[in-house]
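1. Build the 3D model from these lines:
(one chain, ligands or ions: 1)
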Amino acid sequence: MSKKLDPVTQAIRIQSQKTQQQEHSTPLYLTSSFTFDEAEAMRAAFADETDDNIYSRFSNPNVDEFIAKMCALEGADAGFATSTGMSAIFSSMFALLSKGDHLICCSSVFGSTFTMVTKYLSRFGIESTLVPANDNAAWEAAVKPNSKMVYLETPTNPQLEVLDLEWIGQFSKKHGLILNVDNCFATPLLQRPIDFGADLVVHSATKWIDGQGRVLGGVIVGRADLIKDIYLFCRNTGPSMSPFNAWVLSKSLETLDVRMQRHCDNALKIAETLQGNPNISWVKYPFLKGHPQYDIAKKQMKLGGGVLCFEIKGGLEAGRKFLDALEMLSVTANLGDTRSIASHPASTTHSRLSDAERLSVGITPGLIRISVGLEKVEDTIADITQALEKSSL
Ligand SMILES: *Cc1c(COP(=O)(O)O)cnc(C)c1O
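-> Coordinates of the predicted model:
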């Protein structure tokens with residue numbers, strides 16, 4: 001076919017080479033290493049003169065297939081897949097930043113990312129400045145002569161703030177900074193940061209990419225020259241993705257488009273229904289009118305994503321009661337599943353912080369985050385509504 005296939009089609013059709021069995025679905029290459037018939041072929045592979053697989057820490061047909069699909073979806077030149085989202089984020093920073101470099105990082109980032117930046121980067125002499133999501137002047141003020149990378153996620157977790165990718169793309173370019181975006185919440189189906197100037201995109205494939213709560217995984221895609229450095233770093237430090245997880249994730253990508261459409265439709269319906277609920281003080285969803293960055297969300301996202309949040313009246317105690325009153329929704333520390341999930345950060349993930357510390361990272365006492373699944377949306381709405389009635393004071 002002469003016409004280039006749409007990325008959605010590529011996510012279904014890209015396949016690592018078939019074996020002599022002519023299988024329709026890619027087999028699982030559970031092998032730690034690959035053999036060579038001749039010493040010369042092995043020498044050439046080690047010298048990077050060929051693409052032959054050597055060892056599954058470096059590359060593997062299942063992992064390569066997953067990476068190729070992610071590159072097609074994100075519009076990227078190259079990529080590397082890792083064991084978890086955190087190892088992708090870790091590798092994207094530690095492969096490229098050295099002692100004396102400076103990172104500009106949005107203050108609203110995933111909890112472990114926040115800890116990594118604030119606690120561990122400095123141990124290796126890498127400086128960082130945390131900047132509030134939509135304070136453009138603060139981003140400008142954070143730039144230093146040794147600044148090298150900008151890191152952010154949008155929409156953010158759990159407050160669902162939306163950052164203006166067009167502005168950040170221009171800002172990064174103007175100052176010659178590597179723009180590194182965690183695209184986990186949106187997925188490439190809703191938003192492609194590379195189209196706005198991102199140099200790297202990282203994912204927790206554990207979430208919507210798998211979408212069924214079965215495996216952990218991560219991936220970094222982007223500019224070929226940067227990925228080359230990341231590849232060499234990972235090849236020698238070992239955060240590589242397992243072939244089994246890659247096999248599962250490659251299969252998951254075949255349904256990402258239809259899954260995300262349904263997740264987003266359901267999430268918008270739930271957000272709209274909750275809008276008038278007397279037991280909450282507000283509900284937030286990127287595509288719900290009244291979201292503080294509604295216009296930016298509409299500009300850069302195709303749909304609003306699968307996560308919404310609201311503030312239950314009655315604060316901390318009401319939040320705990322809400323979790324207990326749910327009959328169908330899962331109470332678990334994950335998101336991006338076929339099954340809807342509720343979480344209450346103030347009494348769980350952020351329970352060790354003081355009220356003031358929690359507020360400084362956007363966690364209000366009655367904040368409930370819902371990761372919307374694929375159940376019939378009427379069932380999900382009914383469960384949330386009955387639990388709200390039972391728990392709000
Ligand atoms: C879950 C998550 C991560 C970390 O991914 P793991 O696969 O759990 O390591 C990073 N960023 C965001 C936005 C996430 O939701």
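
2. and the residue in the stretch 1-150 of the chain that the ligand sits nearest to, what is it in contact with?
-> Per Cβ to the nearest ligand atom, the residue of the stretch 1-150 of the chain with the smallest distance to the ligand is Gly85, at 2.3 Å. In short, each C-beta sits where N, CA and C put it, glycine included. Contacts here follow Cβ atoms under 8 Å, 6 or more residues apart in numbering; on that basis Gly85 touches 110, 182, 184, 202-207, 216-218.

3. Now the element after the worst-scoring helix or strand of the chain on mean pLDDT, going C-ward?
-> In the chain, no helix or strand scores lower on mean pLDDT, DSSP states H and E than helix 355-360, which sits at a mean of 85. Going down the chain from helix 355-360, the next helix or strand is strand 367-371, by DSSP states H and E.

4. List the strands paired with that following strand, with their directions.
-> strand 307-312 (antiparallel), strand 341-343 (antiparallel) (DSSP bridges).

5. Can you name every helix or strand that whichever helix in the chain runs longest contacts?
-> Across the chain, the longest stretch assigned as helix under DSSP state H is helix 256-274. With contacts taken as 3 or more Cβ pairs under 8 Å, 6 or more residues apart in numbering; DSSP states H and E, helix 256-274 sits against helix 7-13, helix 187-190, strand 280-284, strand 307-312, helix 377-391.

6. gap between the two ends of stretch 324-334?
-> 17 Å (Cα to Cα, to the nearest Å).

7. buried set for that stretch?
-> By 16 or more other Cβ atoms under 10 Å, the buried positions in stretch 324-334 come out as 325-326, 328-329.

8. Of the residues you listed, which belong to helices?
-> Ala325.

9. ok, which pair from the buried residues of stretch 324-334 is furthest apart?
-> Distance extremes for the buried residues of stretch 324-334: the farthest pair is Ala325 and Met328 at 11.1 Å, using Cβ to Cβ.

10. Now do the longest helix of the chain against helix 377-391, angle only.
-> Per axes from the mean of the first three to the mean of the last three Cα atoms, to 10 degrees, the angle that helix 256-274 makes with helix 377-391 is 40 degrees.

11. ok, residues contacting stretch 128-135?
-> Identification of contacts with stretch 128-135 by Cβ under 8 Å, 6+ apart yields 102-108, 117-118, 121-122, 138-139, 142, 144, 152, 156, 161, 163-164, 292-293.

12. Quick one: neighbours of Trp282, just the number.
-> 11 (other Cβ atoms under 10 Å).

13. Quick one: the helices and strands packed on helix 256-274 as CSV, columns for distance to Phe34 too.
-> Formatted as CSV, those follow (distance: least, Cβ to Cβ, whole Å):
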stretch, distance to Phe34
helix 7-13, 25
helix 187-190, 30
strand 280-284, 49
strand 307-312, 40
helix 377-391, 46
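
14. which one of those has the most crowded surroundings?
-> Stretch with highest mean neighbour count among those: helix 187-190 (a mean of 26; mean count of other Cβ atoms under 10 Å).

15. Now, of the contacts of stretch 128-135, which are buried?
-> 102-108, 117, 121, 139, 142, 152, 156, 161, 163-164, 293.

16. How about the secondary structure of Gln159?
-> Of the three states, Gln159 takes coil under DSSP: H, G, I helix; E, B strand; the rest coil.

17. How about the residues of the stretch 51-200 of the chain by the ligand?
-> Counting by Cβ under 6 Å from any ligand atom, the residues of the stretch 51-200 of the chain close to the ligand are 84-86, 110, 153, 157, 182, 184-185.

18. circling back: between the buried residues of stretch 324-334, which is nearest the ligand?
-> Checking those one by one against the ligand (Cβ to the nearest ligand atom), the nearest turns out to be Leu329, at 18.0 Å.

19. where along the stretch 101-250 of the chain do the strands fall?
-> Under the criterion DSSP state E, counting those that start in this stretch, the stretch 101-250 of the chain carries strands at the ranges 102-106, 127-131, 147-153, 178-182, 200-204, 218-222.

20. Done for today, thanks.
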